[in-house]
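J.: I'll drop the sequence and a predicted model, then ask my questions.
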Amino acid sequence: MREQGLHASTEIEKWTRLAMRRWISEMTGRLKQGLPIQQYYLLESLRANGTMRCSELADTLQITLPAVTNLANKLVAGGYAERAHNETDRRVVMVTVTPKGLDALSELDEKAAELVEWFWQGLEPGETAELTRLLRKAVEHRTVVDKN
């Protein structure tokens, strides 16, 4: 029984890794005329959560604080985001998405939707629903476990 569990784990790891690599490659290709994928993910986080501290963005995106600072600098320079200091603690830097950033996200969302349709086109509607359920369950479980 242990060997079957190990085999299943290896299969899940293999297919997860291949799917993620293909997904990132395709998304990067589709976004090449717009923002780099890392900047897109940062803007998505800001849109979903509103104004955030750089440290919150680092936690959310699971990247280092210097990486967030670098991404934020590029987004601010491009007019996609704004930076402000917290009024109660000037050391805390807050980042928010601008209207230009929201417009860019709308365009990029269309490319992401095209990618979802392309990537999962071989699935039947019931399979798509099951995949969505399983992905949501895995992400929600990780979110709960990581908070504790």
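T.: That came through, no problem. Every value quoted in this text rests on a predicted model; they were computed, and no experiment measured them. Numbers count the residues shown, from 1 in each chain.
J.: give the contact list for the spatially most central residue of the chain.
T.: Geometric centre of the chain, nearest residue: Tyr41, 4.3 Å, by Cα atoms, centre = their mean. Tyr41 is in contact with Leu61, counting by Cβ atoms under 8 Å, 6 or more residues apart in numbering. No exception for glycine: its C-beta is placed from N, CA and C like everyone else's.
J.: Same question for the one 10 residues further on.
T.: Applying Cβ under 8 Å, 6+ apart, one finds that Thr51 lies in contact with Ala84, Met94, Val95, Thr96.
J.: Am I right that the second one sits in a strand?
T.: Yes: note on Met94: a strand contains this position according to DSSP: H, G, I helix; E, B strand; the rest coil.
J.: Buried residues of the helix or strand bottoming out on mean pLDDT in the chain, list them for me.
T.: When the helices and strands of the chain are scored by mean pLDDT, DSSP states H and E, helix 2-31 comes last with a mean of 79. For helix 2-31, a neighbour-count test (16 or more other Cβ atoms under 10 Å) marks Met27, Arg30, Leu31 as buried.
J.: In CSV, list those along with distance to Leu115.
T.: Converted to CSV, these look like this (distance: Cβ to Cβ, whole Å):
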residue, distance to Leu115
Met27, 6
Arg30, 6
Leu31, 9
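J.: Between the residues you listed, which sits nearest Lys74?
T.: Leu31 (14.0 Å; Cβ to Cβ).
J.: Now name the helix or strand holding Leu108.
T.: helix 99-119 (DSSP states H and E).
J.: Quick one: mean pLDDT for that helix?
T.: Averaging pLDDT along helix 99-119 yields 89.
J.: All set now, cheers.
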